[in-house]
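Peer 1: this is a predicted model, with the sequence first.
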Amino acid sequence: MQLPLSTRQTQPGTVSTTQSTTNAGGGNSVNLLNSSTNVQGAYAGSTPEGTASATALSLTLDDALSRALRHNLGQLLENEAAQQAEGQRLVARSTLMPNLNAVVRETVEQINLRTMGVEVASFPETVGPFNYFDARGTFQQTVLDFVRLNNLRSARENVEAARQGFRNARDLVVLAVAGSYMQIIAINARVEAARAQVESSRAVNKQAVDRLRVGLDARIDVTRTQVQLQTDQQRLRSLVADLDRQKLRLSRIVGLPLGQQFNIADNFPYRPLTGLTIEDALTRAAQNRADLKAAEAGVHAAEDSLKAARSERLPALQLNADWGAAGLRPTAEAHSVFTVSGSLVVPIYQGGRIHGDIEQANATLRARRAEYGDIRGQVDEDVRQAFINLNAAADQVDVAQSNVSLAHDTLRQAEHRFEAGVADTVEVVQAEQTVVQADNDYISAVFEHNLAKVSLARAMGAAEQRLGTFLAKQP
């Protein structure tokens, strides 16, 4: 039973996070990790259930995870793959189990004796027509066949690989849902900050108009504040559109009813993650990562498949038996009949087929061992990358939080100076832009920190159980 070279060919999609360092605000902004959750293939889809309600749903992270783990297409496909592997195991086992059948034959026949070599003149040329019946129960049992035995062992390992693949799919769903949920929280915060900034810009613009009316300011000051107000309004519209897109994306991932409106019910503030070292995380990842266990089971399946190929050179022993009744009619004229036979098949020459099977199985084993080594390296990289992002985001939160306080204080001073007539709108507009960037930096830093926690939960395995301990809801 030849196996595919790779177990990755059957995966329905991927979920991952990507990171890059950016500085969108220049000198007024801290360097930020720009992270995103990439959901591809079946994990971006689901099987929607239910009918949309007229009122918006208050969606918590726990509710989103519960829905996704029931309806996300990626984990549904992996579950079916596990069921398919179990069916293949049953088929492989059946070749070693007894086969029992009932066979009933009724025959009507007329024969030409000459065609059978009977040329005696005293014998008639034809005999019949006559009839007879034969009713038997047949039994077949493989007594010893190492090929089938090792194929069964390989099928068992395939089942384990598929089960671990299903567990890994659930971890990927957790990463997809939690990452998307955190993204919406961050955009919600940016929308609220943008709305506050629009109100602030509107107040400054109104003040500039009033001062122009009494001759205290030039028209350029009014124009400048109006441009800033329109810029802030456009930023707000863009953020609202982005929020709607992200909510639609999350709705597809978790399988909400079509057209169902919802609001994010949870908020996760910044909370440092303590009490966990990178060595502990690596140890737990080696013990719990389902994709690593799936790759290991795939290697064992390939090893058993190679044993099966080599076993084709060994003898195979099979037992056949039947028992029943036969005669002209199923009456007293019928008599008991039976057959018992055993066969020992010894391969002598198969035209190179066995050697070809061994070469294919060897190639599969080498490929799967290479994949297993690669996944071990990937697990190590995932854990270390999550810690790097976690520590970097924590530092960014501290700096960004300080910048927010300073930016808002600078804006208040600029507004007071403008009201007192000792500054123009240039200083106010610049201060407003600094506040916008500082708020955005802080929101992004908190998002990066929470996403790093989610990524660490995925990197360590058993993400469903770890996520609640890593994240803290806002009281």
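Peer 2: Everything's here; your move.

Peer 1: strands along the stretch 301-450 of the chain, start to end?
Peer 2: Secondary structure of the stretch 301-450 of the chain by DSSP state E, counting those that start in this stretch: the strands cover 316-327, 335-345.

Peer 1: give me whichever of these is most buried.
Peer 2: strand 316-327 (a mean of 15; mean count of other Cβ atoms under 10 Å). (Each C-beta comes from the backbone N, C-alpha and C, glycine too.)

Peer 1: and it, average pLDDT?
Peer 2: The pLDDT scores in strand 316-327 average 94.

Peer 1: what's the answer for stretch 229-246, then?
Peer 2: pLDDT averaged over stretch 229-246 gives 92.

Peer 1: just the C-alphas of it, formatted as CSV.
Peer 2: Taking Å, rounded to 0.1, in the frame of the first residue of the first chain, the C-alpha atoms of stretch 229-246 are listed here in CSV:
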residue,chain,number,x,y,z
LEU,A,229,-11.2,68.5,9.9
GLN,A,230,-11.9,66.9,6.5
THR,A,231,-8.7,64.8,6.8
ASP,A,232,-9.8,63.5,10.1
GLN,A,233,-13.3,62.8,8.7
GLN,A,234,-11.9,60.9,5.8
ARG,A,235,-9.7,58.9,8.1
LEU,A,236,-12.7,58.0,10.2
ARG,A,237,-14.7,56.8,7.1
SER,A,238,-11.8,54.7,6.0
LEU,A,239,-11.5,53.1,9.5
VAL,A,240,-15.2,52.4,9.6
ALA,A,241,-15.0,50.7,6.2
ASP,A,242,-12.0,48.6,7.4
LEU,A,243,-13.9,47.7,10.5
ASP,A,244,-16.9,46.4,8.4
ARG,A,245,-14.5,44.4,6.2
GLN,A,246,-12.8,42.8,9.2
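
Peer 1: export the strands of the stretch 301-450 of the chain to JSON lines and tack on distance to E192?
Peer 2: JSON lines is the format used below for these (distance: least, Cβ to Cβ, whole Å):
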{"stretch": "strand 316-327", "distance to E192": "74"}
{"stretch": "strand 335-345", "distance to E192": "78"}
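
Peer 1: looking at these, which is closest to N34?
Peer 2: Distance to N34, taken as Cβ to Cβ, is lowest for strand 316-327 among those, at 62.0 Å.

Peer 1: what is the neighbour count of D171?
Peer 2: 25 (other Cβ atoms under 10 Å).

Peer 1: ditto for V240
Peer 2: 15.

Peer 1: could you do V204 as well?
Peer 2: 26.

Peer 1: now it: how far from V428?
Peer 2: Computed as Cβ to Cβ, to the nearest Å, the V204 to V428 distance reads 6 Å.

Peer 1: now do the shared contacts for those two.
Peer 2: Contact criterion Cβ atoms under 8 Å, 6 or more residues apart in numbering; residues bridging V204 and V428 by contacting each: 225, 415, 418.

Peer 1: next, format the residues you listed as CSV and append distance to A161, pLDDT and neighbour count.
Peer 2: What follows is these, written out as CSV (distance: Cβ to Cβ, whole Å; pLDDT from 0 to 100; neighbours: other Cβ atoms under 10 Å):
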residue, distance to A161, pLDDT, neighbour count
T225, 64, 85, 25
E415, 64, 75, 19
F418, 68, 70, 23
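
Peer 1: among those, which lie within helices?
Peer 2: In helices, defined here by DSSP state H, the members of those are 225, 415, 418.

Peer 1: ok, the residue nearest to R167 when sequence neighbours are not counted - contacts?
Peer 2: Leaving out its chain neighbours, the residue that sits closest to R167 by Cβ to Cβ, 6 or more residues apart in numbering is A290, at 3.7 Å. Contact analysis of A290 by Cβ under 8 Å, 6+ apart lists 164-168, 170-171, 461.
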